[in-house]
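Participant: sharing a sequence plus its predicted fold:
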Amino acid sequence: MLDVSRHFFPVADIKRLLDRLAALKMNRFHWHLIDDQGWRLEIPGYPRFTEVGAWRTLPDGSRYGGFYTVADVAEIVAYAAARNIVVVPEVELPGHSMAGLASYPELSCSGKPEAVATKWGILDGVYCASSEPAARILEAVLKEVCRMFPGPWIHIGGDEVVRTRWESCPRCLEKIRSEGLNGVEGLEAAFFRRFLAFVQSQGKTPLGWNELFEHSIPKNIPVQWWHRPDLAVKTLKTGNPLLVSDVAYCYFDYPYVETDPWYIKSFMLLTPVEKVYANPVVPPGCEALAEGIWGGECCLWTEQVPPSEIDNRLRGRLEAFSEVYWTFDKRPGWPDFRSRL
Ligand SMILES: [Zn+2]
């Protein structure tokens, strides 16, 4: 997974990354296209997503941003396909949505103008969970995304949703009351049910981050697990496919060693290459359920990663990750790997 919202990566950089994946027999590219700090995907019929949402104003007053046109997407999808790689786009819902809210204020509970985020972290921006016009726009976005990406999977995000705005939205509170939902958590569950079903109605398989599975999720929805072993166990017990992106082993924006200049001690883990190679693959408590593991994915979040840093962050770790997942319990061992690397 590459996050292109926090930093924008030109098409040439994406192609170079796809070359590296192909060389390591990695066969999926999860493209995190939308987040608080930038909307990076042209949506026909909705120009403000890229006129407004793709740009943020930096403290010095300059604008930072960029986006991929429909033609860019077709070029990248074809380039990936020629290398046996399926592109999985992510349309993050309903949180991490400041760029979407800045583009179309009617997507929010208040309808008031907002700005594309310039701060990192978990922000309170969230799409209104009860506005029918907002839902229609999001469905139109998903429909275009399903059309643009020929692969079978569409990622709808679902992580780190802050529900406080829903608690003071008269429309959201009325929906909770009239439909007998279990508070804002029930409202969130209803929101996910609608959009999971919508993606399925377009002939695609939706997937999401493990927070989605705090609610009950229909059969056959793959869950991307990054933290909380209880949710991995729950996913496998209900027979849903589990995609493993364990934050302790698979987040390659994290530094290798403490002396790396971008290390932020309060939340980052250290991820040296040897640790990536020691990834147990099976989440804690899932040993008896390991047959249900669908695969693994490493993630490059880019708050601290401009395009010039990408090679540094992947060096050694991408090779280790690929070997771990292609060999699993037959991996040759760290000294052997290190000498080949
Ligand atoms: Zn609302």
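Facilitator: Happy to help now that I have it. Since we're looking at a predicted model, the values are computed, not measured.
Participant: send the alpha carbons of stretch 145-158 over as PDB?
Facilitator: Taking Å, rounded to 0.1, in the frame of the first residue of the first chain, the C-alpha atoms of stretch 145-158 are listed here in PDB:
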ATOM      1  CA  VAL A 145     -14.000   4.000  -9.100                       C
ATOM      2  CA  CYS A 146     -15.600   0.600  -9.900                       C
ATOM      3  CA  ARG A 147     -15.600   1.700 -13.600                       C
ATOM      4  CA  MET A 148     -12.000   3.000 -13.600                       C
ATOM      5  CA  PHE A 149     -10.400   0.000 -11.900                       C
ATOM      6  CA  PRO A 150     -11.000  -3.400 -13.500                       C
ATOM      7  CA  GLY A 151      -9.800  -5.500 -10.600                       C
ATOM      8  CA  PRO A 152     -12.300  -7.300  -8.400                       C
ATOM      9  CA  TRP A 153     -11.600  -5.400  -5.100                       C
ATOM     10  CA  ILE A 154     -12.600  -1.900  -3.900                       C
ATOM     11  CA  HIS A 155     -11.200  -0.900  -0.400                       C
ATOM     12  CA  ILE A 156     -13.600   1.400   1.500                       C
ATOM     13  CA  GLY A 157     -11.300   2.300   4.400                       C
ATOM     14  CA  GLY A 158     -13.400   2.400   7.600                       C
END
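Participant: buried residues in that stretch?
Facilitator: 145-146, 148-149, 151, 153-158 (16 or more other Cβ atoms under 10 Å). Heads up, the C-betas are built off the backbone N, CA and C, glycines and all.
Participant: then stretch 184-203?
Facilitator: Within stretch 184-203, the residues scored as buried using 16+ other Cβ under 10 Å are 184, 187-192, 195-196, 198-199.
Participant: next up, the contacts around Thr205.
Facilitator: Counting by Cβ atoms under 8 Å, 6 or more residues apart in numbering, Thr205 touches 152-154, 199, 220-222.
Participant: one step back: state the pair within the buried residues of stretch 145-158 that is farthest apart.
Facilitator: Spanning the widest gap among those are Met148 and Gly158, at 20.7 Å by Cβ to Cβ.
Participant: need the residues of the protein near the ion, please.
Facilitator: The chain has residues 109, 128, 169, 171-172 near the ion, with proximity defined as Cβ under 5 Å from the ion.
Participant: same thing but 6 Å
Facilitator: Applying Cβ under 6 Å from the ion, one finds that the chain approaches the ion through 109, 128-130, 166, 169, 171-172.
Participant: neighbour-wise, which one of these leads?
Facilitator: Highest neighbour count within the residues of the chain next to the ion: Ala129, with 28 neighbours (other Cβ atoms under 10 Å).
Participant: quick check: closest non-adjacent residue to the residue of the stretch 151-300 of the chain found nearest the ion.
Facilitator: Nearest residue of the stretch 151-300 of the chain to the ion (Cβ to the ion) works out as Cys169 at 3.1 Å. The shortest distance from Cys169 to any residue other than its chain neighbours is 3.6 Å, reached at Cys109 (Cβ to Cβ, 6 or more residues apart in numbering).
Participant: surely that neighbour meets Leu173?
Facilitator: No. Counting by Cβ atoms under 8 Å, Cys109 stays clear of Leu173, with 10.1 Å between them.
Participant: so what sits against both of those two?
Facilitator: Trp166.
Participant: give the buried residues for whichever helix or strand Ala320 is part of.
Facilitator: Following DSSP states H and E, one finds Ala320 within helix 317-327. Within helix 317-327, the residues that count as buried by 16+ other Cβ under 10 Å are 317-325.
Participant: average pLDDT across it?
Facilitator: Mean pLDDT, helix 317-327: 97.
Participant: show me what secondary structure element comes after it.
Facilitator: Following helix 317-327 in sequence, per DSSP H and E, is helix 334-340.
Participant: just to revisit the earlier point, out of the buried residues of stretch 184-203, who's nearest Pro307?
Facilitator: Looking across those and measuring by Cβ to Cβ, the closest to Pro307 is Val199, at 30.4 Å.
Participant: let me see the backbone angles for the nearest residue to that closest one once chain neighbours are set aside.
Facilitator: Residue nearest to Val199 in three dimensions, not counting chain neighbours: Pro206, with 3.8 Å by Cβ to Cβ, 6+ apart. Main-chain dihedrals, Pro206, degrees, to the nearest 10: phi -80, psi 150.
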